[in-house]
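1. Coordinates for the following, if possible.
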Amino acid sequence: LGLGIAVLVSLAVATLLSRRVANSYRTAVDELLHEREQVRYLREMSSWQELAKMLAHEIKNPLTPIEVLVTSLSKAYQSKTAQEFVTHLNQTETMVAEELQQLKATVNKFSEFARLPQVQPTRVNVVELLRQQVRAVASTVSSAALELKEPLEFGNVYADIDATLFRQVLVNLVRNGVEANPGREVRFTISIGTDERNVELSVMNDGDPVHAEIAPRIFDPYFSTHASKDNMGLGLAIVKKIVIEHRGDIRYEERDGHPLFVITLPRVPA
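-> Have a look, this model is predicted:
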């Protein structure tokens with residue numbers, strides 16, 4: 001009888017402890033999920049703040065001169081003759097139209113970024129695809145000379161690629177190199193490597209490398225080191241998005257004092 005009571009007491013204690021442990025575990029998990037949700041929310045808000053900052057900056061650029069030009073009309077009306085005012089009005093109209101065109105171009109670029117199509121890959125021979133696309137990109141991007149180094153030991157390397165979007169990847173990488181080295185021809189070397197699982201595409205140019213302190217940020221949306229009103233800092237962000245949607249990866253590194261982008265894609269059977 002004493003042994004039975006002891007067993008029952010032990011079971012009761014064990015049950016009570018297990019419930020406490022379970023409750024503590026549940027509470028800890030709930031707190032962890034709550035904290036994770038808070039972190040996610042703060043990161044998302046930070047991203048939206050960065051976007052709002054960029055939009056405000058890009059919209060303010062053309063709006064400020066428009067405001068100045070419109071204000072100058074009132075002063076010109078009071079201080080100039082009728083003929084002088086007409087001339088001033090025509091000049092103001094032209095300059096306002098130019099600023100509005102720039103504003104419209106900015107909005108269109110954001111819209112294009114927001115409407116990037118979904119990747120629709122087909123199985124292609126990577127070497128043949130790059131032959132075609134290197135020729136096409138070379139003919140459309142000025143100040144760029146492209147060379148494709150084809151592998152000698154193999155010619156049949158296949159991957160699932162959306163040819164249209166992948167051409168945009170190459171175009172953006174080439175334009176990025178040209179913009180980083182203005183005023184001269186930039187030479188690009190595109191190489192292909194492979195192993196049993198992956199296809200590796202290397203895009204290297206003979207320009208200056210990215211400074212080490214900003215290299216980790218070059219794929220961030222709206223980040224750019226190129227001083228140009230037409231550069232929105234979206235080119236490399238689009239490149240990374242497209243590559244990831246191909247189930248691949250892209251990285252930047254410096255090699256022999258020059259910039260190098262390496263794209264890794266899953267290799268598939270022919």
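
2. what sits against Leu165?
-> Counting by C-beta atoms under 8 Å, 6 or more residues apart in numbering, Leu165 touches Pro117, Val119, Ile242. C-betas here are computed from N, CA, C, even on glycine.

3. same thing with Ile192?
-> Val126, Val127, Leu130, Lys149, Glu150, Pro151, Val157, Val199, Glu200, Leu201, Ser202 are the contacts of Ile192 under C-beta under 8 Å, 6+ apart.

4. filter those to the buried ones?
-> Buried by 16 or more other C-beta atoms under 10 Å: Val126, Val127, Leu130, Val157, Val199, Leu201, Ser202, out of the contacts of Ile192.

5. out of those residues, which are inside helices?
-> Secondary structure from DSSP state H places Val126, Val127, Leu130 of the buried ones among the contacts of Ile192 in helices.

6. sorry, back to before: could you dump the contacts of Leu165 to a markdown table with pLDDT and distance to Leu100?
-> Shown next, in a markdown table, are the contacts of Leu165 (pLDDT from 0 to 100; distance: C-beta to C-beta, whole Å):
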| residue | pLDDT | distance to Leu100 |
| --- | --- | --- |
| Pro117 | 78 | 28 |
| Val119 | 87 | 35 |
| Ile242 | 92 | 31 |
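
7. Just the closest of these to Arg255, please.
-> Nearest to Arg255 among the contacts of Leu165 is Ile242, at 23.0 Å by C-beta to C-beta.

8. any idea how far the closest residue to Asn172 other than its chain neighbours is from Gln168?
-> Leaving out its chain neighbours, the residue that sits closest to Asn172 by C-beta to C-beta, 6 or more residues apart in numbering is Gly235, at 4.2 Å. Applying C-beta to C-beta, to the nearest Å, the value for Gly235 to Gln168 is 9 Å.

9. And those two? Which one has more around it.
-> Of the pair Gly235 and Gln168, Gly235 is the one with more neighbours under other C-beta atoms under 10 Å, namely 22 against 17.

10. can you pull out the strands in the protein?
-> Using DSSP state E, the strands of the chain run over residues 122-125, 144-149, 158-161, 186-194, 198-205, 249-255, 258-266.

11. Ok, which of those comes nearest Leu32?
-> Minimum separation from Leu32 across the strands of the chain (C-beta to C-beta) falls at strand 249-255, 29.0 Å.

12. how about the closest one: buried residues?
-> For strand 249-255, by 16+ other C-beta under 10 Å, it's Ile250, Tyr252.

13. residues making contact with it?
-> Applying C-beta under 8 Å, 6+ apart, the external contacts of strand 249-255 come out as 204, 209-210, 212, 215, 218-219, 239-240, 243-244, 259-264.

14. I'd assumed Val126 was in contact with Glu150.
-> No: under the criterion of C-beta atoms under 8 Å, Glu150 makes no contact with Val126, lying 10.3 Å away.

15. Give me the below-cutoff pLDDT ranges for the stretch 51-200 of the chain.
-> Along the stretch 51-200 of the chain, the model assigns pLDDT under 70 to residues 51, 152-155.

16. let's see it at 90
-> Within the stretch 51-200 of the chain, the ranges that satisfy pLDDT under 90 run 51-86, 88-93, 95-119, 138-143, 149-157, 179-184, 194-196.

17. Show me where it has its helices.
-> 82-114, 126-140, 163-180 (DSSP state H, counting those that start in this stretch).

18. what's the most buried one of those helices?
-> For the helices of the stretch 51-200 of the chain, the largest average neighbour count (mean count of other C-beta atoms under 10 Å) is found in helix 163-180, namely a mean of 20.
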